[in-house]
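1. Provide a 3D model corresponding to the input given below.
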Amino acid sequence: MKIGVPRETADGETRVALTPQIAGQLVGDGLEVLVQAGAGEASSNLDEAYREAGATVVADAPALYGKADVVLLVGRPSDEEVDMLREGTVLIGTLGTLSKPELAGKLAKRGVTAISMDAIPRITRAQSMDTLSSQATVGGYKAVLIAAERLPKFMPLLTTAAGTVRPARGIIMGAGVAGLMAIGTARRLGAVVEATDVRPVVKEQVQSLGGIFIEVEMTDEEKAQAETAGGYATEMSEDYKRRQAELIAERVKDADFIITTALIPGRPAPKLVTEEMVKSMKPGSVIVDMAAEMGGNCELTEPGKEVVKHGVRIIGITNLPATMPGSATQMYAKNIQTLLKHLTADDAINLDFDDEITRGATITHAGKVVHEATASALGIEAATPQAAPAGGKDA
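-> This is a model prediction of the structure:
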């Protein structure tokens, strides 16, 4: 089975799907790995390292797509790449078909088996494949470093001969993987950190990292609806949003920085920071909006831009993991390797749709959209997937 790793085509994307180390391990498992020339350059993974690991470096994307049985991407394929995919090819990447369902339709028409890393169920045995968590870890860490660099003051408390410097105060909105990493990083830098989340169960995790949990009073019904079975936050009632906004509005006045991380799968990012809140913040304060790609948690966020509004610097970087491509690639490649081991048997991708991971992550198969949420976004009924080998010698 030939595994193909193309160079990513999205603007600003610096990651690559496999490191030379993981590529070498796959070669050791009996797979053939093809890497497009220069694919890992932006993440400091050079062609020579892939060659030394036993991979074959191919000149360009058409050559790679023409040979690969399985194509590994970090993000989505471009339209040109979709057209290069051969019928029966297995495509694995972070496809984000809930926000771009038309991609699933195109892949189904091409007869591609598409597996999306962001659709892997958040269950215990899938943790080592969970790229949402691994990349959120990178993003949460980097968001705090960016805030610290942009702030016109120290993060920690300092007592010096020139006087005492009070520590920076920060608010982390959302206490998932990214938020918890942000809390821990900000605390290690010496900041005083508060955090908010619609899921009351994360309170202990916030406190264990030294954060202060901003708790909104909730009814039993609200507590029950705050989290999906997969551990994701859900969109809350308008009454809850009002109470949350009132509580946060009082806290942001004292904040030197805010990191927002709140995302709801397949939905625009909830607006947590209003323009009025921004106006109430101190001049020189910083907001790093990790939800910028989905419209942002701040009303004034401009995705992909860094702007100053009402004296507050608002940073809307849409791909924070790509700003740390070394570690981000290392973690993503390990996630990919674990998934491949889960899917591969007898030198082919064998799809067992009775398996929760396989069923949950597969978007298209045998010319049909089989992922229920994606099919719903397309306004069609999901097809019932049939188990079959794909992308290997038996395809």
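2. Can you show me the helices along this protein?
-> For the chain, the helices defined by DSSP state H cover 20-28, 47-52, 61-67, 79-84, 101-109, 131-150, 177-188, 203-208, 220-225, 238-252, 275-280, 325-343, 356-361, 372-378.
3. Which other helices and strands does the last one contact?
-> Using 3 or more CB pairs under 8 Å, 6 or more residues apart in numbering; DSSP states H and E, the elements in contact with helix 372-378 are helix 101-109. Quick note: C-beta positions are derived from backbone N, CA and C, even for glycine.
4. Buried residues in the helix it packs on, which are they?
-> 101, 103-108 (16 or more other CB atoms under 10 Å).
5. Can you give me every residue that contacts the nearest residue to Gly105 once chain neighbours are set aside?
-> Nearest residue to Gly105 in three dimensions, chain neighbours excluded: Leu378, at 6.0 Å (CB to CB, 6 or more residues apart in numbering). With contacts defined as CB atoms under 8 Å, 6 or more residues apart in numbering, the neighbours of Leu378 are 101-102, 104-105, 369.
6. so Ala23 sits right up against Glu52, yeah?
-> No - the criterion here is CB atoms under 8 Å, and Ala23 misses it with Glu52 at 10.0 Å.
7. of those two, who's got more company?
-> A count of neighbours by other CB atoms under 10 Å puts Ala23 above the other of Ala23 and Glu52, at 31 against 12.
8. who are the neighbours in contact with the residue of the chain positioned farthest from its centre?
-> Here the chain reaches farthest from its C-alpha mean at Ala161, the gap being 44.3 Å by CA atoms, centre = their mean. Taking CB under 8 Å, 6+ apart, we find Ala161 in contact with no residue.
9. any idea which residue sits dead centre in this protein?
-> By CA atoms, centre = their mean, the chain has its centre lying nearest to Leu132, at 4.1 Å.
10. Just to check, that residue is in contact with Asp118?
-> Yes - between Leu132 and Asp118 there is a contact at 5.6 Å, judged by CB under 8 Å.
11. Restricting to C-alpha, output stretch 18-36 in PDB.
-> Output in PDB follows, covering the C-alpha atoms of stretch 18-36 (Å, rounded to 0.1, in the frame of the first residue of the first chain):
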ATOM      1  CA  LEU A  18       4.100  12.900   8.600                       C
ATOM      2  CA  THR A  19       7.500  13.500  10.100                       C
ATOM      3  CA  PRO A  20      10.500  11.600   8.800                       C
ATOM      4  CA  GLN A  21      10.500   9.500  12.000                       C
ATOM      5  CA  ILE A  22       6.900   8.400  11.600                       C
ATOM      6  CA  ALA A  23       7.400   7.800   7.900                       C
ATOM      7  CA  GLY A  24      10.300   5.500   8.700                       C
ATOM      8  CA  GLN A  25       8.200   3.600  11.100                       C
ATOM      9  CA  LEU A  26       5.500   3.100   8.500                       C
ATOM     10  CA  VAL A  27       8.100   1.900   6.000                       C
ATOM     11  CA  GLY A  28       9.300  -0.500   8.700                       C
ATOM     12  CA  ASP A  29       5.700  -1.800   8.900                       C
ATOM     13  CA  GLY A  30       5.900  -2.700   5.300                       C
ATOM     14  CA  LEU A  31       4.100   0.300   3.800                       C
ATOM     15  CA  GLU A  32       5.600   2.400   1.000                       C
ATOM     16  CA  VAL A  33       5.700   6.200   1.800                       C
ATOM     17  CA  LEU A  34       5.800   8.800  -1.000                       C
ATOM     18  CA  VAL A  35       6.500  12.400   0.000                       C
ATOM     19  CA  GLN A  36       6.200  15.400  -2.300                       C
END
